[in-house]
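In: A structural model of the following input is requested.
(one chain, ligands or ions: 1)
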Amino acid sequence: MAKKVAETCSEGSTLRATLNLIGESVELLRLSPAVYECLKVPMRFVEVSIPVEMDDGKMKVFTGYRSQHNNVLGPFKGGIRFHPDSNPDEVKALSMWMTLKCSLVGVPFGGGKGAVVCDSRKLSLKEKERVSRGYVRAMGEILGPETDIPAPDLYTDAQVMAWMADEYTHIKQKPSFGVVTGKPLPVGGCVGREEATSRGCVIALQQALAVLDIPLEGARVVIQGAGNVGGYSALLLEEEGCKVIAISDSRGGIYNPAGLDAQAVMAHKKKTGSLECFPGAEPVTNRELLQLECEVLLPAALENQLTADNAGQVRARVVVEGANGPTTPEADRIFHERNILMVPDILANSGGVTVSYFEWVQNNYGFRWDAATVNQRLNDKIVEAFRAVYQFNREHCPNAGMRTAAYAYAIQRLAEAMHYRGWL
Ligand code: NAD
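Out: Numbering: from 1, shown residues only. All right, here's what the predicted structure looks like:
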């Protein structure tokens, strides 16, 4: 069943792999094929043109996408990325993962995702603002605090969310900050949201290391990506007593087997814009970095970084997927065969959407929680989700990996909701 639809998207694509996994879960759970039919395509996919006046006065037209995958559990929810390689299949797959992620971690949202095809590093701040506002003008009709709520993703941040909330407020002629999450604190943001995805990764990692009886203190961690997820993960892991031995960005990485000073590394990156020339560390390529000996590998950059070509050389005990889709299905199989514990993206990086949900709740109630409340509730959600997936894996699919278990556990919950809503 999965094969039939998967054939319509390109060989080796992330979307195809996702559809295969959904199909396998439906079969594993012996669910009605209608569940697969409901999940195989987004409920709505919108492509728009966004005309933007550039700083030189010329007009440039950008392409924007929004995929609203499934809202059986609640309003669509998911980030918007600014990336030159974004394409419809990628955005659709990312929106499917959001549906699964929200179900898995137990937040009442459906899955959505958006993108603007652009290289945000080549945009001035003003141009970036105009692209952000243009996206909301083009998509305004389908967004809303009760219908579809975007958040930051690759190369978008709290500032982008603030522009988007402001533009939406102008369109609606009333303050509607709950239309996006991941906002700065003065415009309805939630304390702890910026580092929430990383905090969730750290909590999931603590659970994984406990299962393997590996002490957190002194565990060597290698991180690919030094943006929101990778950067905050480095800082939080250092606080927990781990040794961050390597980290990279798009230009390459740095390595010190004795451990890097994560605070100093991130300060250097902020000041110089790159990791290059960080004192007391040797340069490594992104390829070399993924093969360094460590307890934990935390990919936190792009999709398809761990593949059949390099999975055999990975020397980690645990892979925690901070990024969405960093591991191809072939690499996943290799890790399973090699007994490397995989904490899959829909579990590992679900801290972001969890605290986005907390932000949305606070916006709806006009009430602020303190950091201790946010972090405790986040901890409870991730621990509960990790334990549920781990147990599901042992009980229902012991010969498969954690990803299969996470998908099946999430799809079971979605199927129950579909059943009660009369969709099946
Ligand atoms: P970001 O833009 O803040 O950071 C991305 C980082 O990856 C940057 O340091 C960039 O230099 C680096 N990078 C880009 N290309 C690279 C390459 N080829 N090799 C190594 N590093 C490279 O983005 P982010 O928000 O940290 O998102 C990273 C990943 O995490 C994405 O897959 C995103 O979908 C996922 N994610 C993010 C959130 C969130 O809350 N921000 C939540 C869940 C999942």
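In: Spit out the contact partners of the residue of the stretch 151-300 of the chain found nearest the ligand.
Out: Distance from the ligand to each residue of the stretch 151-300 of the chain (C-beta to the nearest ligand atom) is smallest for Gly227, at 1.7 Å. Where C-beta positions appear, they are placed from N, C-alpha and C, glycine not excepted. Applying C-beta atoms under 8 Å, 6 or more residues apart in numbering, we find Gly227 in contact with 154, 249, 300-301.
In: Restricted to helices, list those.
Out: Counting by DSSP state H, these place none of their members in helices.
In: Next, the contact list for Arg133, please.
Out: Counted by C-beta under 8 Å, 6+ apart, Arg133 has contacts 163-164, 166-167.
In: Can the helix or strand containing Met164 be said to contact the ligand?
Out: According to DSSP states H and E, Met164 maps onto helix 158-172. No. Shown here: helix 158-172 not in contact with the ligand (C-beta under 6 Å from any ligand atom), separated by at least 10.2 Å.
In: Can you confirm whether stretch 306-316 lies near the ligand?
Out: No. With C-beta under 6 Å from any ligand atom as the criterion, the ligand is not reached by stretch 306-316; the gap is at least 11.9 Å.
In: List the buried residues in that stretch.
Out: 306-307, 311, 314, 316 (16 or more other C-beta atoms under 10 Å).
In: Out of these, the closest to the ligand would be?
Out: So of the buried residues of stretch 306-316, ranked by how close each gets to the ligand (C-beta to the nearest ligand atom), first place is Leu306, at 11.9 Å.
In: Test my guess that the closest one contacts Arg287.
Out: No. Using C-beta atoms under 8 Å, Leu306 makes no contact with Arg287, being 11.0 Å away.
In: any residues in contact with both of these two?
Out: In contact with both Leu306 and Arg287: no residue, using C-beta under 8 Å, 6+ apart.
In: which helices and strands sit right next to the helix or strand hosting Asn379?
Out: Using DSSP H and E, Asn379 maps to helix 371-396. In terms of contacts (3 or more C-beta pairs under 8 Å, 6 or more residues apart in numbering; DSSP states H and E), helix 371-396 is packed against helix 88-105, helix 196-212, helix 345-348, helix 351-365, helix 402-421.
In: Can you give the contact residues for the longest one?
Out: Applying C-beta under 8 Å, 6+ apart, the contact partners of helix 402-421 are 21-22, 24-26, 28-29, 31-32, 34-35, 38-39, 70, 72-73, 99-101, 103-104, 106, 332, 341-344, 346-347, 388-390, 392-393, 396-397, 424.
In: Can you select the buried ones from those in PyMOL?
Out: Here is the PyMOL selection string for the buried members of those, based on 16+ other C-beta under 10 Å:
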select buried, resi 21+22+24+25+26+28+29+31+35+38+39+70+72+73+99+100+101+103+104+106+332+341+342+343+344+346+347+388+389+390+392+393+397+424
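In: now, which of the contacts of helix 402-421 lie close to the ligand?
Out: Of these, not one also sits near the ligand (C-beta under 6 Å from any ligand atom).
In: show me what contacts Val72?
Out: So Val72 contacts 38, 110, 414, 417-418, 421, 423 (C-beta under 8 Å, 6+ apart).
In: switch the cut-off to 7 Å
Out: Applying C-beta atoms under 7 Å, 6 or more residues apart in numbering, we find Val72 in contact with 110, 414, 417-418, 421, 423.
In: before we move on, the earlier item: ranking by neighbours, what's the top pick from the contacts of Gly227?
Out: Comparing the contacts of Gly227 by number of neighbours (other C-beta atoms under 10 Å), Ala300 comes first, having 30 neighbours.
In: show me where pLDDT drops low in this structure?
Out: Within the chain, the set of residues satisfying pLDDT under 70 comprises 1-12.
In: Need phi/psi at the residue of the chain most remote from its centre.
Out: Computed with C-alpha atoms, centre = their mean, the maximum C-alpha offset from the centroid of the chain is found at Gly57, amounting to 35.4 Å. Dihedral pair for Gly57: phi 90, psi -10, per degrees, to the nearest 10.
In: Show me what from the chain comes close to the ligand.
Out: Checking the chain against the ligand by C-beta under 6 Å from any ligand atom, the hits are 152-155, 197, 224-230, 248-250, 286, 300-302, 322-324, 349, 352.
In: Only whichever of those are buried, select them in ChimeraX.
Out: Under the burial definition 16+ other C-beta under 10 Å, those of these that qualify are selected in ChimeraX by:
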select :152,153,154,155,197,224,225,226,227,228,229,230,248,249,286,300,301,302,322,323,324,349,352
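In: quick one: which of the residues of the chain next to the ligand sit in strands?
Out: 152, 224, 248-249 (DSSP state E).
In: Would you point out the most distant pair within the buried residues of stretch 306-316?
Out: Spatial extent of those (C-beta to C-beta) is set by the pair Thr307 and Ala316 at 15.2 Å.
In: residues touching the residue nearest to the spatial centre of the chain, list them.
Out: The centre of the chain sits closest to Asn324, judged by C-alpha atoms, centre = their mean, with a distance of 4.7 Å. Neighbour list for Asn324: 94, 97, 303, 345, 349 [criterion: C-beta under 7 Å, 6+ apart].
In: mind listing what's buried in the longest strand seen in the chain?
Out: Determined from DSSP E, the single longest strand within the chain is strand 59-70. Judged by neighbour count using 16+ other C-beta under 10 Å, the buried positions of strand 59-70 are 62, 64-70.
In: so it versus helix 402-421, what angle?
Out: Strand 59-70 and helix 402-421 are oriented at 70 degrees to each other (axes from the mean of the first three to the mean of the last three C-alpha atoms, to 10 degrees).
In: got the CA positions of strand 59-70 in CSV?
Out: Output in CSV follows, covering the C-alpha atoms of strand 59-70 (Å, rounded to 0.1, in the frame of the first residue of the first chain):
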residue,chain,number,x,y,z
MET,A,59,11.6,43.5,-7.5
LYS,A,60,12.3,39.9,-6.8
VAL,A,61,9.7,37.1,-6.6
PHE,A,62,10.2,34.4,-4.1
THR,A,63,8.3,31.1,-3.9
GLY,A,64,6.6,30.2,-0.6
TYR,A,65,5.0,26.9,0.5
ARG,A,66,2.7,25.8,3.3
SER,A,67,1.7,22.2,3.8
GLN,A,68,-1.2,21.5,6.2
HIS,A,69,-0.8,17.8,6.6
ASN,A,70,-3.4,16.7,9.1
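In: Quick check: next helix or strand after it?
Out: In N-to-C order, the element after strand 59-70 by DSSP H and E is strand 76-82.
In: And that following strand, what does it pack against?
Out: Counting contacts by 3 or more C-beta pairs under 7 Å, 6 or more residues apart in numbering; DSSP states H and E, strand 76-82 is packed against helix 88-105, strand 110-116, strand 148-152.
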